[in-house]
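Enquirer: This is a predicted model, with the sequence first.
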Amino acid sequence: MKKIIIRAKRLPHAEDIEAPAHMSHGASGMDLRAACGESVVLAPGKWKLIPTGLMLSIPAGFEAQVRPRSGLALKYGITCLNSPGTIDSDYRGEINVILINLSDAPFVVERGMRIAQMIFSEVTQAQLEFDVDLDATTRGSGGFGHTGV
């Protein structure tokens, strides 16, 4: 398993919040925790920006992706609105998570609650080349659902 060093900073409003960590030996994601000042109620169908109190210095050539926690999604219908959310290596602001409540019941986000997971991945940048002929494939331009259900 490849490991990289990520420099991190806790903001003052998160000094008492547990640091992100892998919850098991084989976990690919680190759990992010809510650093909200008080409980946040997510009404059904609504979303809110939840602070984590965490800033990162991600090395060039890497990104962080913020993804939902499967337990929150299954048990409560809570997920991340822009999933995965991308944190670029040149971003130095606070990491925030946009949580949305897809259930029919209010959900309360408590301070310190594990709200999302963060994955680090290598990045490949591409250069597009225009005005060229594209190679033909059997699929061609068949899009959404073209192979059936």
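Expert: Arrived safely, thanks for sending.

Enquirer: Ends of stretch 62-72, what's the gap?
Expert: This stretch, stretch 62-72, spans 27 Å end to end (C-alpha to C-alpha, to the nearest Å).

Enquirer: And stretch 5-19, by the same measure?
Expert: 15 Å.

Enquirer: Next, the buried residues of that stretch.
Expert: Applying a neighbour-count criterion of 16 or more other C-beta atoms under 10 Å, the buried positions in stretch 5-19 are 14, 17. Where C-beta positions appear, they are placed from N, C-alpha and C, glycine not excepted.

Enquirer: what is the mean pLDDT for that stretch?
Expert: Regarding stretch 5-19, the rounded mean pLDDT is 96.

Enquirer: what about that stretch, distance to the chain center?
Expert: 17 Å (C-alpha atoms, centre = their mean, to the nearest Å).

Enquirer: contacting residues around it?
Expert: Residues from elsewhere that reach stretch 5-19, judged by C-beta atoms under 8 Å, 6 or more residues apart in numbering: 20, 33-35, 37, 51-59, 64, 94, 111-112, 120.

Enquirer: What's the PyMOL syntax to select whichever of the residues you listed are buried?
Expert: Here is the PyMOL selection string for the buried members of the contacts of stretch 5-19, based on 16+ other C-beta under 10 Å:
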select buried, resi 20+33+34+35+51+52+53+54+55+56+58+64+94+111+120
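
Enquirer: So which of the contacts of stretch 5-19 belong to strands?
Expert: If you go by DSSP state E, the contacts of stretch 5-19 have 33, 51-57, 64, 94, 120 in strands.

Enquirer: Leu99 against Val109, yeah?
Expert: Yes - under the criterion of C-beta atoms under 8 Å, Leu99 makes contact with Val109 at 6.6 Å.

Enquirer: and for the two, which residues touch both?
Expert: 42, 48, 50, 115.

Enquirer: got these as JSON lines, with secondary structure and neighbour count columns?
Expert: JSON lines is the format used below for the shared contacts of Leu99 and Val109 (DSSP: H, G, I helix; E, B strand; the rest coil; neighbours: other C-beta atoms under 10 Å):
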{"residue": "Leu42", "secondary structure": "strand", "neighbour count": "22"}
{"residue": "Lys48", "secondary structure": "strand", "neighbour count": "17"}
{"residue": "Ile50", "secondary structure": "strand", "neighbour count": "21"}
{"residue": "Ile115", "secondary structure": "strand", "neighbour count": "24"}
